[in-house]
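J.: Model the following, please.
(chains A and B)
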Amino acid sequence: NAGVTQTPKFQVLKTGQSMTLQCAQDMNHNSMYWYRQDPGMGLRLIYYSASEGTTDKGEVPNGYNVSRLNKREFSLRLESAAPSQTSVYFCASSEAGGAEYFGPGTRLTVT
Amino acid sequence: SQQGEEDPQALSIQEGENATMNCSYKTSINNLQWYRQNSGRGLVHLILIRSNEREKHSGRLRVTLDTSKKSSSLLITASRAADTASYFCATAMFSGGYNKLIFGAGTRLAVHP
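T.: Sure, this is the predicted structure:
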């Protein structure tokens, strides 16, 4: 089992460009999450999907959109990237009430 | 806002020593989880302790939970250089129909050979 996979691993964008971060899990989990991690800080939740077909905003949703394509896949889209979105992005999945399993992260730089 | 606050922010010890990290939180929780993050990698789940549990063990890890004080501690016994990482506590609450995790800022542990 691959667990949680994310693509790409690294990305550099210019201000105003758009991109989609991809995430997939093979653990048959219902819930999936997108977090960002900034230097010296813990993770902050951007969006989550409690189950296939549902998505909800987390703590810092502004500037992002998500799509829960099916049970396996949950993508994060930046429509118009800003330097403040420079961060490391992590996708995670879990069963309700349980541990979250994280992907390896995408390191995004917006210039 | 961050629910869990770890203490200390950084800890430096010698191999073989024990490492203790603490986590305090503000509101009622369903469970509390500890994660490890090696530099440049994703988080790895270590242990989950439910609100009705007081202590839990996993290998060299011991976690305690005191819901009256809203605090938890993670003890790593007989530390190794490979334990060098950041450790995060995350408090879990049911909110909006799902189990919401809120992470603290972490404790950076350095174990010197």
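
J.: Tell me the residues of chain A that contact chain B?
T.: A:4, A:31, A:33, A:35, A:40-45, A:48, A:50, A:56, A:90, A:92, A:94, A:96-105 (C-beta under 8 Å from any C-beta of the partner chain). C-beta: built from backbone N, CA, C; applies to glycine.

J.: Sitting in strands, which of these do you find?
T.: A:4, A:31, A:33, A:35, A:43-45, A:48, A:56, A:90, A:92, A:94, A:101-102 (DSSP state E).

J.: Can you tell me which of the residues you listed has the largest number of neighbours?
T.: Neighbour counts for those peak at residue A:43, which has 30 neighbours (criterion: other C-beta atoms under 10 Å in any protein chain shown).

J.: so it bridges to which residues?
T.: Beta-bridge pairing for residue A:43 (DSSP bridges): residue A:37.

J.: So it versus residue A:22, what's the distance?
T.: 19 Å (C-beta to C-beta, to the nearest Å).

J.: ok, back up a step: now the ones in strands among the residues of chain A next to chain B in CSV, with distance to residue B:43 and pLDDT?
T.: What follows is those, written out as CSV (distance: C-beta to C-beta, whole Å; pLDDT from 0 to 100):
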residue, distance to residue B:43, pLDDT
A:4, 11, 96
A:31, 16, 92
A:33, 11, 95
A:35, 9, 97
A:43, 7, 91
A:44, 13, 93
A:45, 13, 93
A:48, 16, 93
A:56, 21, 92
A:90, 7, 97
A:92, 8, 96
A:94, 12, 92
A:101, 9, 94
A:102, 5, 95
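
J.: Now distance to residue A:17 too, for the residues you listed, in CSV please.
T.: As requested, these are exported to CSV (distance: C-beta to C-beta, whole Å):
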residue, distance to residue A:17
A:4, 25
A:31, 30
A:33, 24
A:35, 22
A:43, 24
A:44, 22
A:45, 24
A:48, 25
A:56, 26
A:90, 21
A:92, 26
A:94, 31
A:101, 30
A:102, 26
